[in-house]
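Engineer: Just the structure for this:
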Amino acid sequence: MGSDSAVPSPLPAAPAYGSRSVSDVLASAAAVLGVPGYTNRLNLPAAKRVCVVMVDGLGLSLLKKRGGHAPFLRSFLPGARSLDASFPTTTAASLASLGTGLPPGRHGLVGYDVLDPEQDKVVNMLGSWDAGVDPLRWQPYPTVLEEAAGHVSVATVSLPRFADSALTRAALRGGTFIPASGVHARVSAAVDALAGADRMLMYLYWNELDKAGHRYGSASAEWGNELEELDSALKRLVARVPAGTLVLLTADHGMVDVPAGARFDFSTQPELIDGVRHTAGEPRMVHLYLEPDAGSAALERLRSAWQKAYGNRAWIFTRNEAVQAGYFGPDVDPAVLPRIGDLLVAAREPIALYDLRRVPASAFDVVGQHGSLTRAECEVPLLVLA
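Structural biologist: Residues are numbered from 1 along each chain as shown. Below you'll find the model as predicted:
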């Protein structure tokens, strides 16, 4: 359990949306290719084709720490730039920002799972979307891929199961989807597609590293093995792409390994769920939604209880404070606002917080975690590989 902390820690800076974040990568790539309406905010070099490689879970600090497993990628680290993941630092939020060029306060994917106010229920934003949630209503803005497809060839190379997933339809729709399961298959498919187009914007997704991190931890041999696979695959990709191709590598978030003894079920502490109607988010970035008739006094009581229990190991702040801090972007759409928790608990130390009334006990087995505001989770690389 946590111990009390009388003085709340200052909140970290918000992600640099619109200048140095994941939301600027595909948008800048589109600008390089002359797609109207986009600005090359990342000052990417000129190219006829751009391939954006999104590596799920490859935080900049992890790449530096475990670069011995990635000699090819490590050679680009001296020129690497640091970008900010979206907040929360979770796949749904960052991939939606990548795909739309928008911060979460606009695209509306504000967590791993969040409240759907229309249904008064918690819905998943990653792989298990609720049947009552229409991806095109939830995220109504056009995607970068969609807009670019009217001007250049556009392709996504990813796992077959993501071809028509709700997340793809919400945030990464547009162009041709090229399904490819294995590591070698994805590289070959990407090379073939790039070679067949005079001008192309490509999105290439890599999820193996994140899966290994969740199961074994980012310090594990298994994670290192997946990094080695990634490194050799990207070396092959860069060697084979046609001249005039810009290959970029970035990530959606980093990762923190949470020891078994630092994973807590907060639902066993009545004061931490008093007046709470729904819990959502991720174990390192919890959304707490109060009963509709709860007032400011109930919110302050809840904040005080969380501050006493976990204030020395987490940032605890209200929805209004998160919005004012710019965590979800410079403005939040009115429809998105109630999807964000009334109170947010973002882990500062390597801890994970669960509501085991709502999630399966197997969730306790997850080692590598993300979602919060630490540098290990927020900072992702931008490498220009070719």
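Engineer: Please enumerate the helices of this protein.
Structural biologist: 25-32, 60-65, 71-74, 91-100, 104-107, 135-138, 144-148, 166-171, 183-195, 208-216, 221-240, 296-310, 319-325, 375-378 (DSSP state H).
Engineer: looking at the ones you listed, which is closest to G127?
Structural biologist: Nearest of those to G127, taken as Cβ to Cβ: helix 166-171 at 7.4 Å. In short, each C-beta sits where N, CA and C put it, glycine included.
Engineer: what about stretch 257-266, how long is it end to end?
Structural biologist: End-to-end distance of stretch 257-266 (Cα to Cα, to the nearest Å): 19 Å.
Engineer: go on, stretch 331-351?
Structural biologist: First-to-last residue span, stretch 331-351, Cα to Cα: 30 Å.
Engineer: Please apply the same query to stretch 56-76.
Structural biologist: Start-to-end, stretch 56-76 (Cα to Cα) is 19 Å.
Engineer: now do stretch 374-386
Structural biologist: Using Cα to Cα, one end of stretch 374-386 lies 30 Å from the other.
Engineer: which one of the helices of the chain is the most hemmed in?
Structural biologist: With neighbours defined as mean count of other Cβ atoms under 10 Å, those peak in mean count at helix 91-100, which reaches a mean of 29.
Engineer: which residues are contacting it?
Structural biologist: 17, 21-23, 25-26, 52, 54, 56, 85-87, 102-104, 106-112, 125-126, 139, 141-145, 167, 170-173, 203, 210, 250, 252-253 (Cβ atoms under 8 Å, 6 or more residues apart in numbering).
Engineer: Could you list the buried residues of stretch 341-355?
Structural biologist: 341-348, 350-355 (16 or more other Cβ atoms under 10 Å).
Engineer: Return the per-residue confidence for the nearest residue to G281 once chain neighbours are set aside.
Structural biologist: Among residues not flanking G281 along the chain, H287 sits closest, at 4.0 Å (Cβ to Cβ, 6 or more residues apart in numbering). pLDDT for H287: 98.
Engineer: Can you give me the distance of H287 to R277?
Structural biologist: According to Cβ to Cβ, to the nearest Å, H287 and R277 sit 11 Å apart.
Engineer: Which of the two has more residues huddled nearby?
Structural biologist: The neighbour comparison of H287 against R277 (other Cβ atoms under 10 Å) goes to H287, with 25 against 14.
Engineer: Quickly list what that one is bridged to.
Structural biologist: A280, L344 (DSSP bridges).
Engineer: if I pick it, what's in contact with it?
Structural biologist: G111, V114, L115, H278, T279, A280, G281, I340, G341, L344.
Engineer: residues in contact with the fourth one?
Structural biologist: Listed by Cβ under 8 Å, 6+ apart, the contact set of H278 reads L115, K121, V122, H287, L288, Y289.
Engineer: Mind doing that once more with 10 Å?
Structural biologist: 113-116, 120-122, 287-291, 341-342, 355, 358 (Cβ atoms under 10 Å, 6 or more residues apart in numbering).
Engineer: Quick check: of the residues you listed, which lies closest to L159?
Structural biologist: Comparing those against L159 with Cβ to Cβ picks out D113 as the nearest, at 21.2 Å.
Engineer: Tell me the bridge partners for the closest one.
Structural biologist: N124.
Engineer: Make 28 the starting number, not 1.
Structural biologist: Okay, using 28 as the starting number, the last item reads as D140.
Engineer: wait, isn't it in contact with M312?
Structural biologist: No: at 11.1 Å, D140 does not count as touching M312 under the criterion of Cβ atoms under 10 Å.
Engineer: From L273, how far out is the residue lying closest to A41 once chain neighbours are set aside?
Structural biologist: Of all residues not flanking A41 in the chain, G353 sits nearest, at 3.6 Å (Cβ to Cβ, 6+ apart). Distance of G353 to L273, computed by Cβ to Cβ: 30 Å.
Engineer: For the closest residue to V82 other than its chain neighbours, give me its contacts.
Structural biologist: Using Cβ to Cβ, 6+ apart and skipping the chain neighbours, the partner closest in space to V82 is W233 (4.6 Å). Counting by Cβ under 10 Å, 6+ apart, W233 makes contact with 80-85, 184-186, 210, 213, 253, 256-257, 260-261, 276, 278.
Engineer: before we move on, what about E253?
Structural biologist: 82, 84-85, 96, 210, 233-240, 243, 247.
Engineer: Equivalent analysis for V214, please.
Structural biologist: 184, 207, 231, 259-268.
Engineer: Adding distance to G106 and pLDDT as columns, could you present those in TSV?
Structural biologist: What follows is these, written out as TSV (distance: Cβ to Cβ, whole Å; pLDDT from 0 to 100):
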residue	distance to G106	pLDDT
V184	25	98
A207	29	96
L231	21	98
S259	21	97
A260	21	97
L261	15	97
K262	17	97
R263	21	97
L264	18	98
V265	14	98
A266	19	98
R267	22	97
V268	19	98
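Engineer: Now distance to A341 too, for the residues you listed, in TSV please.
Structural biologist: Below are those laid out as TSV (distance: Cβ to Cβ, whole Å):
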residue	distance to A341
V184	38
A207	40
L231	35
S259	39
A260	37
L261	36
K262	40
R263	42
L264	40
V265	41
A266	45
R267	46
V268	44
